[in-house]
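A.B. asks: Provided below for reference: sequence and predicted model.
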Amino acid sequence: MLNDVWQNFLSIIREEAGSRVVETWLKAVKLHKWDADQKTIVVEAPNKFVKDWIQAKYTTLFQVHLARLLHVDTIKITFYSSSEMADSSTSLVPLTFPLQNKKIPGKVKNALAHKTTKNYGRLNPLYQFENFVVGPSNSLAYAAACSIAQDPGEQYNPFFIYGGSGLGKTHLLHAIGNAIQKRDSKSVVFYQTTDRFVNEFISAIRFNKVHVFQQKYRMIDVLLIDDIQFISNKEQTQEAFFHIFNSLYDGRKQIVFSSDVFPRDIKGLEERLCSRLEWGLAADVHKPHLETKIAILKRKAQLHHEDLPDDIAEFIAQEVVSNVRELEGSLVRILAFASLTKQPLSIELAQKVLQRDGVPQKTTAVDFDRIAACVCRHYSYRLSDLRSNSRAKDLSFARQLAMYLMKKMTSRSLREIGSFLGRKDHSTVIHAFDRVEENVQKDSTLRTTIKRLEEEILR
Ligand code: ADP
Ligand code: MG
């Protein structure tokens with residue numbers, strides 16, 4: 001009967017608080033005993049951490065729903081953790097673990113290190129400082145990363161790299177790790193994506209392995225966390241991470257984060273964690289300029305043992321405006337096409353491949369009127385609406401989209417674009433472009449809309 005009550009309770013909570021709460025926390029506990037005389041229910045949690053968490057956050061939910069399901073007016077809930085009961089001098093590792101006080105024996109550390117790298121903390125050997133092309137768009141991030149690799153934990157801690165997708169953040173994270181490990185193979189460097197970190201934490205809770213989880217992070221010398229923005233709105237994981245952060249930081253262990261935005265702009269990030277992330281140095285990466293793009297293309301071609309002529313490199317660099325990942329992808333397709341069709345590399349060939357890829361050609365045949373007309377038709381606005389100063393949300397977005405397409409599809413200046421759309425200044429156009437690009441990363445519907453608009457404009 002108790003089991004039925006518990007299953008009913010879980011389905012109610014799934015409805016009310018969402019299945020993540022159930023999967024992460026409630027499935028880890030069970031109803032131990034129901035004392036009908038005392039109207040007391042005893043809930044057993046696998047460890048103190050889970051017990052404290054559930055007690056702090058979900059007691060009211062337990063009281064309200066269990067009372068109803070057990071047909072009583074009020075109910076008393078007693079939480080206990082099985083490990084506490086089994087041994088009062090419990091071996092539970094507290095979530096905050098003062099690193100500097102606890103020396104982990106070398107042998108244990110090596111074994112753990114081996115296990116860690118064998119899991120998913122492996123560094124990608126292709127991402128090195130030597131093959132990272134430096135230009136004005138990434139020089140600060142690069143310089144800071146090199147200096148951290150020289151002196152981990154000493155200078156900039158934590159180090160926070162942020163910027164748009166495909167601009168080299170992951171590459172730099174791995175490069176830091178690779179450089180440190182090359183110099184000191186005993187150093188435990190651990191690369192982790194935030195997604196995996198979150199999943200790992202959830203499964204640690206589920207399977208009562210929080211102490212193993214903690215121990216693993218405790219012995220790390222350099223922690224590289226990629227895409228920390230994905231921790232947004234994950235309250236429990238943020239809590240665990242906050243403590244891991246503090247311990248590593250106190251132990252002067254180097255922590256490096258990457259994110260698509262600055263900590264303050266990560267939505268749903270707890271204030272105290274946000275301020276931790278901002279403690280050290282933050283450096284952003286931008287889209288590379290033409291010269292850097294050409295240098296990147298030449299370097300990447302070299303890695304494929306190809307010699308890329310300057311004019312072709314310049315042509316590709318001019319055509320691909322989005323990011324380095326796209327640039328690299330376009331190059332690989334061009335090289336593959338040339339090799340498969342046994343044709344020499346040429347601008348015509350590159351043009352053919354890029355056109356097929358759907359990278360729109362910058363052409364003077366596309367003019368502002370045509371772009372504006374297509375955007376207006378799509379969103380049912382008039383040109384005068386686009387040119388107005390109205391900040392109505394939908395209209396603003398349509399205007400920004402027009403600016404985006406004008407910048408992407410024509411070679412006209414920002415000033416000209418701004419002036420065509422009702423005397424907006426160039427910074428408004430840059431802002432619009434960045435905003436649309438940011439949304440494009442996240443929103444597949446918008447990607448489809450843009451593709452359709454581009455096709456229509458070029459038709
Ligand atoms: P992000 O993590 O910012 O989304 P990545 O680090 O995954 O971007 O980079 C995408 C691709 O572009 C990778 O293959 C990376 O090697 C390459 N790349 C990015 N910036 C550079 C650069 N400055 N020099 C060489 N390769 C780069
Ligand atoms: Mg990345």
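C.D. replies: In hand now; what should we look at? Ligands and ions are numbered 1, 2, ... in the order given.
A.B. asks: what helices or strands is the lengthiest helix in the chain leaning on?
C.D. replies: Using DSSP state H to define each element, the chain has its longest helix at helix 48-69. Applying 3 or more Cβ pairs under 8 Å, 6 or more residues apart in numbering; DSSP states H and E, one finds that helix 48-69 contacts helix 2-17, strand 40-45, strand 76-81, helix 82-86. The C-beta positions use only the backbone N, C-alpha and C, and glycine is treated the same way.
A.B. asks: okay if I get the ones you listed as a markdown table plus mean pLDDT, distance to ligand 2 and mean neighbour count?
C.D. replies: Below are these laid out as a markdown table (pLDDT from 0 to 100; distance: least, Cβ to the ion, whole Å; neighbours: other Cβ atoms under 10 Å):
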| stretch | mean pLDDT | distance to ligand 2 | mean neighbour count |
| --- | --- | --- | --- |
| helix 2-17 | 84 | 32 | 14 |
| strand 40-45 | 89 | 36 | 20 |
| strand 76-81 | 88 | 38 | 17 |
| helix 82-86 | 62 | 38 | 14 |
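A.B. asks: So for I450, which of those sits nearest?
C.D. replies: When these are compared by Cβ to Cβ, helix 2-17 sits nearest I450, at 37.2 Å.
A.B. asks: So which bits of this structure are right by ligand 2?
C.D. replies: By the rule Cβ under 5 Å from the ion, the part of the chain lying against ligand 2 is 169-170.
A.B. asks: Spatially central residue for the chain, please.
C.D. replies: By Cα atoms, centre = their mean, the chain has its centre lying nearest to D227, at 2.4 Å.
A.B. asks: give me every residue that touches that one.
C.D. replies: Contacts for D227 were tallied using Cβ atoms under 8 Å, 6 or more residues apart in numbering; they are 193-195, 258-260.
A.B. asks: Let me have the helices and strands packed on helix 48-69 in TSV, adding distance to N246 as columns.
C.D. replies: Listed next are the helices and strands packed on helix 48-69 as TSV, based on distance: least, Cβ to Cβ, whole Å:
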stretch	distance to N246
helix 2-17	28
strand 40-45	24
strand 76-81	23
helix 82-86	23
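A.B. asks: so is F129 in a helix, a strand, or just coil?
C.D. replies: Under DSSP: H, G, I helix; E, B strand; the rest coil, F129 falls in the coil class.
A.B. asks: what about G268, distance to A204?
C.D. replies: Remark: distance between G268 and A204 (Cβ to Cβ, to the nearest Å) = 22 Å.
A.B. asks: higher neighbour count, the two?
C.D. replies: The residue with more neighbours, out of G268 and A204, is A204; 20 against 11, by other Cβ atoms under 10 Å.
A.B. asks: what helix or strand is the more buried one on?
C.D. replies: helix 194-206 (DSSP states H and E).
A.B. asks: Whichever helix or strand comes after that helix packs against which elements?
C.D. replies: Next helix or strand after helix 194-206 toward the C-terminus (DSSP H and E): helix 210-218. Applying 3+ Cβ pairs under 8 Å, 6+ apart, one finds that helix 210-218 makes contact with helix 106-118, helix 194-206, helix 235-250.
A.B. asks: got a pLDDT number for the residue in the stretch 151-300 of the chain that ligand 1 sits nearest to?
C.D. replies: The stretch 151-300 of the chain approaches ligand 1 most closely through G168 (2.8 Å), counting by Cβ to the nearest ligand atom. Per-residue pLDDT puts G168 at 96.
A.B. asks: pretty sure it contacts N131?
C.D. replies: No - judged on Cβ atoms under 8 Å, G168 makes no contact with N131 at a distance of 10.7 Å.
A.B. asks: helices and strands of this protein: which one bottoms out on pLDDT?
C.D. replies: Least confident helix or strand of the chain, by mean pLDDT, DSSP states H and E, is helix 106-118 with a mean of 47.
A.B. asks: how much space between the residue of the stretch 351-459 of the chain found nearest ligand 2 and I244?
C.D. replies: Nearest residue of the stretch 351-459 of the chain to ligand 2 (Cβ to the ion) works out as Q441 at 11.4 Å. Here the distance between Q441 and I244 works out to 28 Å (Cβ to Cβ).
A.B. asks: okay, these two: which has more neighbours?
C.D. replies: I244 (24 against 15).
A.B. asks: correct me, but that one touches K216?
C.D. replies: No - under the criterion of Cβ under 8 Å, I244 is not in contact with K216, lying 9.8 Å apart.
A.B. asks: Count the neighbours of the closest residue to S413 other than its chain neighbours for me.
C.D. replies: Spatial nearest neighbour of S413, chain neighbours left out: H426 (7.7 Å); criterion: Cβ to Cβ, 6 or more residues apart in numbering. Around H426 there are 14 other residues, counting by other Cβ under 10 Å.
A.B. asks: Which positions in the stretch 1-150 of the chain make contact with ligand 1?
C.D. replies: Contacts of the stretch 1-150 of the chain with ligand 1, taken as Cβ under 6 Å from any ligand atom, map to 127, 132-133, 138.
A.B. asks: let's go with 8 Å and repeat that
C.D. replies: By Cβ under 8 Å from any ligand atom, the residues of the stretch 1-150 of the chain that approach ligand 1 are 126-127, 131-135, 137-138, 142.
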